[in-house]
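**Student:** Need the 3D shape of this:
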Amino acid sequence: MNKLEMIIPKENGKYTYIDDNTVIEKLDKIFIDKKYNKSCLKSAKNILKQYLRDTRVRDLIENNLPKFLKSTVENNEEALKILDDKISDEIQDEESLEVDLKKLLEI
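**Tutor:** Numbers count the residues shown, from 1 in each chain. Okay, the predicted model is just below:
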């Protein structure tokens, strides 16, 4: 697989591989769609707010947010697990993002 090849999951659990030119075309569709990008930014904001409000994360920050953001968030398994959970929750809450993405990518 080269750098621009993209894998699209199908509902039956199998994956479809997309070639270079198609990847660029599909990415262009995503970046150009203003409504979809606003939804993505809103979801990212929600994830970040929920993550930083989590009491377990606040304990990990220990009054040193810059240190936490520079190293702890990348190297601490608990911090990564919490972030993964917050992302999963947001994805489940915002089914429209997945539907819109499938429409944009025509899958």
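**Student:** out of everything not next to it in sequence, what's closest to the residue nearest the centre of the chain?
**Tutor:** Centroid-nearest residue in the chain: Ile87, 6.8 Å away (criterion: CA atoms, centre = their mean). Spatial nearest neighbour of Ile87, chain neighbours left out: Ile47 (5.7 Å); criterion: CB to CB, 6 or more residues apart in numbering. Where you see a C-beta, it was placed from the backbone N, CA and C, and this is true even at glycine.
**Student:** got it, and Tyr36?
**Tutor:** Excluding its sequence neighbours, the residue lying closest to Tyr36 (CB to CB, 6+ apart) is Asp100, at 5.1 Å.
**Student:** Tyr51 versus the one you found, what's the distance?
**Tutor:** For Asp100, the distance to Tyr51 (CB to CB, to the nearest Å) stands at 23 Å.
**Student:** Give me the phi and psi for the residue of the chain most remote from its centre.
**Tutor:** In the chain, the residue that sits farthest from the middle, by CA atoms, centre = their mean, is Asn63; the gap is 26.8 Å. The phi/psi pair for Asn63 (degrees, to the nearest 10) reads phi 60, psi 20.
**Student:** so how many other residues sit close to the closest residue to Lys29 other than its chain neighbours?
**Tutor:** Using CB to CB, 6+ apart and skipping residues adjacent in sequence, the residue nearest Lys29 is Leu104, 4.7 Å away. The tally of other residues near Leu104 (other CB atoms under 10 Å) stands at 17.
**Student:** For Leu104, I want the exact helix or strand it lies within.
**Tutor:** Taking DSSP states H and E as the definition, one finds Leu104 inside helix 95-105.
**Student:** The residue nearest to Ile87: helix or strand, and which one exactly?
**Tutor:** helix 34-53.
**Student:** what's the answer for Ile87, then?
**Tutor:** helix 77-93.
**Student:** distance between that helix and the chain's centre?
**Tutor:** 10 Å (CA atoms, centre = their mean, to the nearest Å).
**Student:** Could you give me the buried positions within it?
**Tutor:** Residues Ala79, Ile82, Leu83, Lys86, Glu90 are the ones in helix 77-93 that count as buried (16 or more other CB atoms under 10 Å).
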